[in-house]
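In: mind folding the following:
(chains A, B and C)
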Amino acid sequence: MPELLEVRDLRKVFRGRGGHADVVAVEGASFNLAAGESLAIVGESGSGKSTIARMLVGLETPTAGSISVLGRTRGAKSPRTRERRVRAREVQIVFQDPYSSLDRLELVGHVIESALRLNPAVSRASRRQRALELLEAVGLQARHAGVLPRALSGGQQQRVAIARAIAVEPRILIFDEAVSALDVSIQAQILNLLADIRERSDIAYVVISHDLAVVNQISDRCLVMESGRVIEQGRTRNVLASPSEPYTRALRDAVPRPGWQPARSPSLD
Amino acid sequence: MTLRLLSIHTLTITVPATEPKGPRRTVVDRVDLHVERGESLGLVGESGSGKSMTARAVLGLFAPGVEATGRIEFDGVDVLAMRQPELQRVRASRIAMVFQDPRAHINPVRSVGDFMTEGMRDSGVSRVEAGRRAIALLAEVGIDDGERRLAQFPHELSGGLLQRVMIAAALAMQPDLLLADEPTTALDVTTQSEVMTILAEVRRERGLAMLFITHDLELAAATCDRTAVMYAGRIMEVQRSTSLQQAPLHPYTSGLLVSRPDIDLVQRRLQVIPGRSVAAFEAPSGCAFEPRCSYAQADCRAGEPELVLLGSAEVRCGRVDELRGTLPHAVGGPDA
Amino acid sequence: MTAVAEAGAPTGRNVASRALTVLGVGGTVALVILVVMLLSAVLAPWLAPYDPNYPDLMASLQGPSAAHPLGTDALGRDLLSRLMFGGRTTLLGPLLVIVVSTFVGCCLAFTASWRGGLTDAVISRLIEVLFSIPSIVFALVAVAVLGVGLLPVVAGLIIAYTPYVARVMRGAALRERRLPYISAVWIQGRSGISITARQLVPNLRPLIVAQAVSALGFAVVDVAAVSFLGLGVQPPTPDWGLMVKSGLDSALRGQPTEVIVASLAIVLFVGAVTVVGDRLGRGVTGR
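Out: The predicted structure follows:
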């Protein structure tokens, strides 16, 4: 049985313009994802984690390497409309900034209904009803369907983005720092919501985050990335409890928690 | 009793109404805070808590339309009553500010050297001497190739380096108080750790006081002597950081500590504070936190609790005596 | 806090208050001036006191009087009526220039920004080339090829103004495309045309409008200038540019009224349009 997602030797180079050197954003990344699993990709800025997310969802094309979903290897070129529609039912994404993730001119209910068009299991007549159900499933109310995004808080807009993403019932849902911009108390609510969603179906998650505590809470396995390379992989609990790489150790040691004191990391300089 | 360095009394800040002829909206509600010389105070809150407005008020930085009442005494003199020239002097030499996004506060077409020496040159220091001092300041924040950095431009420096430059520049005029508004929020976590270490060293050496604004309660409590928690424009709790983390006195503080995911422990579900943060003008009468509080009782709706002194701590909770020592500070209860 | 966005019916009072909010006092005054000028042009056949082409040599070169509030020209024609009718050609031609150049410019811009690659390179070079030539030259070349008259001038200016629109809108479209809400619908498999029409254009509409209104002022000046040179609208059709020209002759004969009122009309219109365009533009960037 093929894995849900297989990534082999993924490489992405951004051509340098105007005399600047080429930037190798991702080099030799390989990993798998099974149905129902949650994989975190951890790293700081410049690690390449966001680039991988964008390649998974088609916003960037790999320079080399392969991405296969359900055994079907994807072409290397930027996908045409028809291919995108097929992929839409495989992979969806929730972005970091809740305030620019929704069309500010579109009513919330319409955002969800528009996404439901892609879902063949939902007939035209039942779209409206399903949209309201989805809103409730993400912790909003039916009345929110009739408002514009600017009437909602950041946390609420992020819930709409999540509802939009799960409307199409994708196999894989990618979260690109999706809780980083939220208040602590809202972050906790959304993390619980994501756990609920995963429990109800066999949807798989790819969680891009720099926050190791979030990663520990919501992922089964994780990849640690530094400067475009995967330096460590494994079950999240093991990687965090006994990291084998100094960088991973430095990352873990830098997370504020009770008893923590900030320190410089001489090993990194 | 020695004069406190910074003493904020009944600070209330209002912003214009949304409708014409509507009432002005309160965003900071009768806040009392103080910072002693050489001490660091963390000011923690979520959106709408009013923490940033409070910090900016200390420097008299108000957007058009924003009004403040109350007293902000810096070394005995009321900042809110100051005229522009005096306020400029205070800003130039007594209180320095470091912002969240350094790139928004530095001129991209001028070199780092120009930026750092401008203030010094204005007060008559020679070019050579100003350059020498700038290099020394950069060394203080851990930038050893100062000579090279002075010639560079802001876009050539990473976020972390640029923030260190901002701190160095803030130290140039030997301030007594540093206001830091989310200085590490936009930085990587390892860079954040470095910057906080540098801040601690620099403060220790100069006896510099700091008011540190952040949404990250753990960060504030780990790096500041005392921590204050704001909600809906009000102070809910102020305590020495170590005891705040071990024995929070306010349900909101407890909620914040407990709802954070843990790096070692995985929970089936996080314990959440239900609902959303509100600003002061959206808060109900009675306790502002009551709608979200799992310890709320009927009395909590009746009237807003006072900020009560409990030893060296201050708490605004009607049930503080009953709840004392029972509020969880981490997953697993108060003794975890 | 969740204040539900209201779509209230536009009553007189709330249109006025919205105008004041968006445009400010100066902008609203400018808008009123524009509306008055445009209305008097449109309603000229019913509002003008005289036939604009009716010569009355007995009354030639008169200053303002009760019978002729703005005086008469060399042929005794009423200046107020000529000004009102003149508005129709002076303002309609530029309006056509703006509408067509905005449409074509937007099409080029959205195609270039969406396709990228070779398409974008070709369109961008084309824009640069057209940019390097002053707009008047296009009008003059068009007249040389097609003969004198309003339509050739309009055709030439459409080609001249398109690159301005295209350049501004291409940059705006490139920036807007990067935003996650566009990525989200792209991932859902919507076609480029669908996304452009249903997401990009509505979100960029304030910019398109602000830009078009500002350009209208320039177009009026360009059309009037070509008419002044005798290459645009031909006499006896009333036109402000032509009136400036014939007004100069009258001024030399001692009666400056025509050249003053025609010049003032142009300046007033262009000034008002620029102020409104600027205020609208400010609302856009201040987001």
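In: quick check: which element contains B:Leu244?
Out: helix B:241-246 (DSSP states H and E).
In: right, is the next helix or strand after that helix up against chain A?
Out: Using DSSP H and E, the helix or strand that follows helix B:241-246 in sequence is helix B:251-259. Yes: among the residues of helix B:251-259, B:255-256, B:259 lie within reach of chain A under Cβ under 8 Å from any Cβ of the partner chain. Glycine gets a C-beta too; all of them are placed from N, C-alpha and C.
In: please name every helix or strand in contact with the helix holding B:Leu244.
Out: Helix B:241-246 is packed against helix B:217-223, strand B:226-231, with contacts defined by 3 or more Cβ pairs under 8 Å, 6 or more residues apart in numbering or on different chains; DSSP states H and E.
In: can you tell me which of those is packed in deepest?
Out: Most buried of those by mean neighbour count (mean count of other Cβ atoms under 10 Å in any protein chain shown) is strand B:226-231; its value is a mean of 27.
In: return the distance of that strand from the chain's centre.
Out: In terms of Cα atoms, centre = their mean, to the nearest Å, the centre of strand B:226-231 is found 9 Å from the chain centre.
In: only alpha carbons, please: show it as CSV.
Out: Taking C-alpha atoms only, strand B:226-231 is exported to CSV below (Å, rounded to 0.1, in the frame of the first residue of the first chain):
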residue,chain,number,x,y,z
ARG,B,226,8.8,41.3,38.6
THR,B,227,5.9,40.6,36.2
ALA,B,228,2.6,42.4,35.7
VAL,B,229,-0.3,40.8,33.9
MET,B,230,-2.8,43.1,32.1
TYR,B,231,-6.3,42.2,30.8
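In: sheet partners, orientation included, of it?
Out: strand B:40-44 (parallel), strand B:234-240 (antiparallel) (DSSP bridges).
In: what's the average pLDDT for the longest one?
Out: Per-region confidence: strand B:234-240 scores 96 on mean pLDDT.
In: now distance to A:Val26 too, for the helices and strands packed on helix B:241-246, in JSON lines please.
Out: Output for the helices and strands packed on helix B:241-246, formatted as JSON lines (distance: least, Cβ to Cβ, whole Å):
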{"stretch": "helix B:217-223", "distance to A:Val26": "30"}
{"stretch": "strand B:226-231", "distance to A:Val26": "40"}
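In: and these as JSON lines, adding distance to C:Val261 and mean pLDDT?
Out: Listed next are the helices and strands packed on helix B:241-246 as JSON lines, based on distance: least, Cβ to Cβ, whole Å; pLDDT from 0 to 100:
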{"stretch": "helix B:217-223", "distance to C:Val261": "70", "mean pLDDT": "93"}
{"stretch": "strand B:226-231", "distance to C:Val261": "64", "mean pLDDT": "97"}
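In: leaving out chain neighbours, which residue sits closest to B:Leu307?
Out: Distance criterion Cβ to Cβ, 6 or more residues apart in numbering or on different chains; nearest residue to B:Leu307, sequence neighbours excluded, is B:Arg316 at 4.7 Å.
In: nearest to chain A among the residues of helix B:251-259 next to chain A?
Out: Of all these, chain A sits closest to B:Ser259, with 3.9 Å by Cβ to the nearest Cβ.
In: dump the residue contacts of residue 25.
Out: Just so you know, I chose chain A. With contact taken as Cβ atoms under 8 Å, 6 or more residues apart in numbering or on different chains, A:Ala25 is in contact with A:12-14, A:48, A:51, A:228.
In: think we crossed wires, I meant chain B
Out: B:14-18, B:279-281.
In: now do the SS call for C:Val185.
Out: Assigned with DSSP: H, G, I helix; E, B strand; the rest coil, C:Val185 falls in the helix class.
In: list buried residues within the contacts of A:Ala25.
Out: Buried by 16 or more other Cβ atoms under 10 Å in any protein chain shown: A:12, A:48, A:51, A:228, out of the contacts of A:Ala25.
In: which of those residues fall in strands?
Out: Judged by DSSP state E, strands contain the following of the buried ones among the contacts of A:Ala25: A:Lys12.
In: any idea which of the buried ones among the contacts of A:Ala25 is closest to C:Arg282?
Out: Checking these against C:Arg282 by Cβ to Cβ gives A:Thr51 as the nearest, at 36.7 Å.
In: with C:Leu83 as the reference, name the closest of the helices and strands packed on helix B:241-246.
Out: Nearest to C:Leu83, of all the helices and strands packed on helix B:241-246, is strand B:226-231, at 64.3 Å by Cβ to Cβ.
In: report the angle between that closest one and helix B:251-259.
Out: Note on geometry: by axes from the mean of the first three to the mean of the last three Cα atoms, to 10 degrees, strand B:226-231 and helix B:251-259 are set 100 degrees apart in direction.
In: before we move on, back to that, pull the residues that contact the helix holding B:Leu244.
Out: With Cβ under 8 Å, 6+ apart as the test, helix B:241-246 has contacts from A:258, B:42, B:218, B:220-222, B:224-227, B:237, B:253, B:257, B:313, B:329.
In: where does the chain dip in pLDDT?
Out: Since no chain was named, I'll use chain A. For chain A, applying pLDDT under 70 flags the ranges A:1-2, A:265-269.
In: not quite, I wanted chain B
Out: Across chain B, residues meeting the criterion (pLDDT under 70) sit at B:1-2, B:332-336.
In: who in the stretch 51-200 of chain A is up against chain C?
Out: Within reach of chain C by Cβ under 8 Å from any Cβ, the stretch 51-200 of chain A has these residues: A:57-59, A:81-82, A:84-88, A:91-93, A:95-97, A:100-105, A:114-115, A:118, A:144, A:146-148, A:150-153, A:156, A:161, A:164, A:168.
In: list only buried entries from those.
Out: When those are checked for burial by 16+ other Cβ under 10 Å, the buried set is A:57-59, A:84-85, A:87-88, A:91-93, A:95-97, A:100-103, A:114-115, A:118, A:144, A:147-148, A:151-153, A:156, A:161, A:164, A:168.
In: inside strands: which ones of those residues?
Out: A:91-93.
In: pick the one among these closest to chain B.
Out: Distance to chain B across those (Cβ to the nearest Cβ) is lowest for A:Ile93, with 21.4 Å.
In: any chance of the residues of helix B:251-259 next to chain A in TSV, with neighbour count and distance to chain C too?
Out: Listed next are the residues of helix B:251-259 next to chain A as TSV, based on neighbours: other Cβ atoms under 10 Å in any protein chain shown; distance: Cβ to the nearest Cβ, whole Å:
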residue	neighbour count	distance to chain C
B:Gly255	25	21
B:Leu256	26	21
B:Ser259	20	22
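In: hey, where'd the helices end up in the chain?
Out: Defaulting to chain A. Along chain A, counting by DSSP state H, helices occupy A:49-56, A:81-88, A:108-116, A:127-137, A:154-167, A:184-200, A:212-218, A:236-241, A:246-253.
In: chain C is the one I meant
Out: Using DSSP H, the helices of chain C run over C:12-42, C:44-47, C:79-115, C:117-131, C:135-146, C:150-177, C:180-187, C:192-195, C:201-228, C:240-252, C:257-285.
In: tell me which of those lies nearest to chain B.
Out: Nearest to chain B, of all those, is helix C:12-42, at 7.9 Å by Cβ to the nearest Cβ.
In: the closest one - contacts with which helices or strands?
Out: On a contact count with 3+ Cβ pairs under 8 Å, 6+ apart, helix C:12-42 meets helix C:79-115, helix C:257-285.
In: and that helix, how far out from the chain middle?
Out: The chain centre lies 16 Å from the centre of helix C:12-42; the measure is Cα atoms, centre = their mean.
In: tell me the bridge partners for A:Val206.
Out: Following DSSP bridges, A:Val206 is listed with bridge partners A:Leu39, A:Ile174.
In: and it, how far from B:Ala55?
Out: Look at A:Val206 and B:Ala55: by Cβ to Cβ, to the nearest Å, they are 38 Å apart.
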